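**Q** Next comes the sequence, and after it the predicted model I'd like to discuss.
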Amino acid sequence: MSLRSQFLTLLAICTVMFWWRLGHLPLIDPDEPFYAETTREMVQRNEWLTPTIFGERQFEKPIFFYWQSMTAMKLFGDNAFACRAPSAAAATLLVFLTWWFGRRMFSPRAGFCAAVVLASGVEYAIMSRLMLTDICLALCISASVFFFWLATQEEDKRDKWMILHFVASAFAMLTKGPVGILVPTLGSICYLWLTGTRSPWRGKGLWLGLLAWAVIAVPWYATMFAKYGMEYWHRFFVHENWERLTSAEHKHSNHWWYYIMILVAGNLPWIPLLIAGVVRTVTGLKTDKRLLFLVCWFVPNLIFFTICNSKLPTYTFFLFVTLALIMGHTLDEWIGRGFRGKGERIVASALAILQTVLVLGAAGAITIILPKDSNSFVKDLTPVVYVLAGIISVPMVLLLMRRTAAWAGTTVFVTAFIVMYMQYGVDEKVREYTSTQGIAEEAKKVRQPGEPIITSSFIARAVTYYTGSMPEGVIFFPSNAEQVQPYFTPHPPLNMLRNAIGAKEFASHYPSVLCIFLKHDVAHCEADASPLKGRLEKLATIGDRVLLRIKGTP
């Protein structure tokens, strides 16, 4: 395939995976509305330095992502497309960057295969359509790592690559903080130590690179320290970084196997290629420094993020790039030389069958385990999973027939089908169960003059974004007596109401109170021991969100 054909093919894949109907579905709770509301408030105030939400400064993330989001909102308006455009753009750039780097590291076809695999992995395709900082971070980190490798390989261009290495790291620092330095450094030091390669961090490239890094990253952080002093240090560096390392914000995901599961499942429907690529990489470490470099990028960072107590699927998003390069190299060899023996063919075929069986089994388990009267989002999507199992069976058959190029092409179609089906086949269910937009619109219709709104903590940011005003109260049900607020990062402007008693006390000051609750919070408020029992008037239900009215004390 010619260079032009590869470019156009990747462009078509990226258009379908990331850009097609990008703004069709509303923002998904809770993270997208958080970033969207922050961006909107900054645009309204023309504030380009300090992120704000609920009218107060917030320091969860640095500024670079907000600069992109604000620019997109000014260009395209306040809508879902503008909110997600920076992520889609970063995902597209990262696919083409992986293509470019894979061509230089392995071969033209291997680079193309790596880019195709990256763009069509399920997690990469779905997450790149969301308003999240991790996609931009993955782009910056990957660029920094790529340029470091090139600096070790091309001595005559070392200074150029090192400067670009530091520039990319600076933008990673501006995107999410110290992790933007830590991730490239961990892998680089590990590689230099294991191979005895002379460090490229030297000479003119080092000093000019450090200068470029300082010019890009230092001014904004210096401004934050100048304006807010130790408050910024404690709220961002201590709370948002150190305490997330040492404290589990999401306790349900704090397991040693969590990221392994995410990286394997997130590479659906490429799991047979993933496992084969990992096995080949392990066996080829001693003879191929390219594979060793990728392992040095992958393993230390996987260990570090596994040690961290706070875990989310997106935290290791950049590692999908590493795996894509490994899989691209393996797929290139499959197409050119076939399987490496009978054992690899049997394993790949078995994994293709297992992948299909597991998807089919998931649909069956959902059908059997969940109650028949369940309205859960997962149960409503069961037909999709059955269809997905049927679609995956097509490339499975092709792999069993050893037609690897055809298998790869149809595997890309599997992810494209998922993306398209989510936009057409089940878009209403996605709206109902993942977004507060619909119930917020209903609330605006029935809200009486001067009537306050209280809401569940999980959707407080979304309620603010979609109603255009901050809720007067946020109800939460503490898990223990010491819990004083539901968020890892406090939002002082929000009025926290502890359980139904807090909501009752709040409602006693008004003739009526409008409530936008999640169903499980409604269940708490309607329990026999609840002081709100019998006082809730249900006005509307959309998915997992309920609109109610509380009659206050006369």
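**A** Nice, thanks for sending it over.
**Q** State the distance from Asn309 to Asn254.
**A** 6 Å (C-beta to C-beta, to the nearest Å). For every residue, glycine as well, the C-beta is placed using N, CA and C.
**Q** which stretches of the stretch 301-450 of the chain aren't confidently modelled?
**A** 363, 365-381 (pLDDT under 70).
**Q** how about the helices in it?
**A** Along the stretch 301-450 of the chain, counting by DSSP state H, counting those that start in this stretch, helices occupy 319-337, 341-369, 377-380, 382-400, 404-424, 427-434, 437-446.
**Q** Go through the fourth one and flag the buried ones.
**A** For helix 382-400, burial by neighbour count (16 or more other C-beta atoms under 10 Å) applies to 382, 384-389, 391-393, 395-396, 398-399.
**Q** returning to what we had before: most tightly packed of the helices of the stretch 301-450 of the chain?
**A** Most buried of the helices of the stretch 301-450 of the chain by mean neighbour count (mean count of other C-beta atoms under 10 Å) is helix 319-337; its value is a mean of 24.
**Q** That one to helix 404-424, inter-axis angle?
**A** If you take axes from the mean of the first three to the mean of the last three C-alpha atoms, to 10 degrees, helix 319-337 sits at 140 degrees to helix 404-424.
**Q** what angle do helix 319-337 and helix 341-369 make?
**A** Using the same axes, to 10 degrees, the inter-axis angle of helix 319-337 relative to helix 341-369 is 130 degrees.
**Q** Against Met261, how distant is Gly364?
**A** Per C-beta to C-beta, Gly364 is found 20 Å from Met261.
**Q** swap in Ile189?
**A** Ile189 is 28 Å from Met261, where distance means C-beta to C-beta.
**Q** Next: Val359.
**A** 15 Å.
**Q** same deal with Val414?
**A** For Val414 relative to Met261 (C-beta to C-beta), the value is 20 Å.
**Q** before we move on, what about Ile303?
**A** Ile303 sits 16 Å away from Met261, going by C-beta to C-beta.
**Q** Strands along the stretch 451-554 of the chain, start to end?
**A** Ranges of strands in the stretch 451-554 of the chain, per DSSP state E, counting those that start in this stretch, are 453-456, 473-476, 496-498, 512-518, 536-542, 545-551.
**Q** Highest mean neighbour count out of those strands?
**A** Among the strands of the stretch 451-554 of the chain, strand 453-456 has the highest mean neighbour count (mean count of other C-beta under 10 Å), at a mean of 26.
**Q** Show me what it is packed against.
**A** Contacts defined by 3 or more C-beta pairs under 8 Å, 6 or more residues apart in numbering; DSSP states H and E place strand 453-456 against helix 460-467, strand 473-476, strand 512-518.
**Q** which neighbours does that strand have in its sheet, and in what orientation?
**A** When sheet partners are counted by DSSP bridges, strand 453-456 sits next to strand 473-476 (parallel), strand 512-518 (parallel).
**Q** Put the alpha carbons of it into PDB.
**A** These are the backbone C-alpha positions of strand 453-456, laid out as PDB (Å, rounded to 0.1, in the frame of the first residue of the first chain):
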ATOM      1  CA  ILE A 453     -33.100  22.800  43.100                       C
ATOM      2  CA  ILE A 454     -31.300  20.100  45.000                       C
ATOM      3  CA  THR A 455     -29.600  17.100  43.300                       C
ATOM      4  CA  SER A 456     -27.600  14.000  43.800                       C
END
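**Q** For it, which outside residues touch it?
**A** Residues outside strand 453-456 that contact it (C-beta atoms under 8 Å, 6 or more residues apart in numbering): 443, 447, 463, 467, 469, 471-476, 497, 503, 506, 513-518, 521.
**Q** and what of stretch 98-111?
**A** By C-beta under 8 Å, 6+ apart, the surrounding residues in contact with stretch 98-111 are 1, 3, 6, 10, 112-115, 118, 142, 146, 149-150, 290, 321, 324-325, 328-329, 331-332, 335-336.
**Q** ok, 6 Å please
**A** Ala114, Ala115, Leu118, Phe146, Arg290, Val321, Leu325, Gly328, His329, Asp332 (C-beta atoms under 6 Å, 6 or more residues apart in numbering).
**Q** start to end distance for that stretch?
**A** Terminal residues of stretch 98-111 are spaced 7 Å apart (C-alpha to C-alpha, to the nearest Å).
**Q** what's the answer for stretch 429-440, then?
**A** Terminal-residue distance, stretch 429-440 (C-alpha to C-alpha): 16 Å.
**Q** Also stretch 311-329?
**A** From the first residue to the last, stretch 311-329 extends over 29 Å; the measure is C-alpha to C-alpha.
**Q** same deal with stretch 453-471?
**A** 5 Å.
**Q** buried set for it?
**A** 453-467, 470-471.
**Q** Kindly report the same for stretch 164-180.
**A** Applying a neighbour-count criterion of 16+ other C-beta under 10 Å, one finds 164-177, 179-180 buried in stretch 164-180.
**Q** Now flag whichever of those is closest to Met131.
**A** The closest of the buried residues of stretch 164-180 to Met131 turns out to be Thr175 (C-beta to C-beta; 13.7 Å).
**Q** my read: the closest one touches Leu139, true?
**A** No: contact criterion C-beta atoms under 6 Å: Thr175 and Leu139 do not qualify, at 8.7 Å.
**Q** quick check, Leu174 in a strand?
**A** No: residue state for Leu174 (DSSP: H, G, I helix; E, B strand; the rest coil) corresponds to helix; a strand is not indicated.
**Q** of the contacts of stretch 98-111, closest to Ala406?
**A** Ala406 has its nearest neighbour among the contacts of stretch 98-111 in Asp332, at 15.4 Å by C-beta to C-beta.
**Q** which secondary structure element contains the closest residue to that closest one other than its chain neighbours?
**A** Distance criterion C-beta to C-beta, 6 or more residues apart in numbering; nearest residue to Asp332, sequence neighbours excluded, is Ala110 at 3.8 Å. Applying DSSP states H and E as the criterion places Ala110 in helix 108-120.
**Q** how far does that helix sit from the chain's center?
**A** Offset of helix 108-120 from its chain centre (C-alpha atoms, centre = their mean, to the nearest Å): 21 Å.
**Q** angle of it against helix 319-337?
**A** 140 degrees.
**Q** average pLDDT for helix 108-120?
**A** On average, the pLDDT along helix 108-120 is 97.
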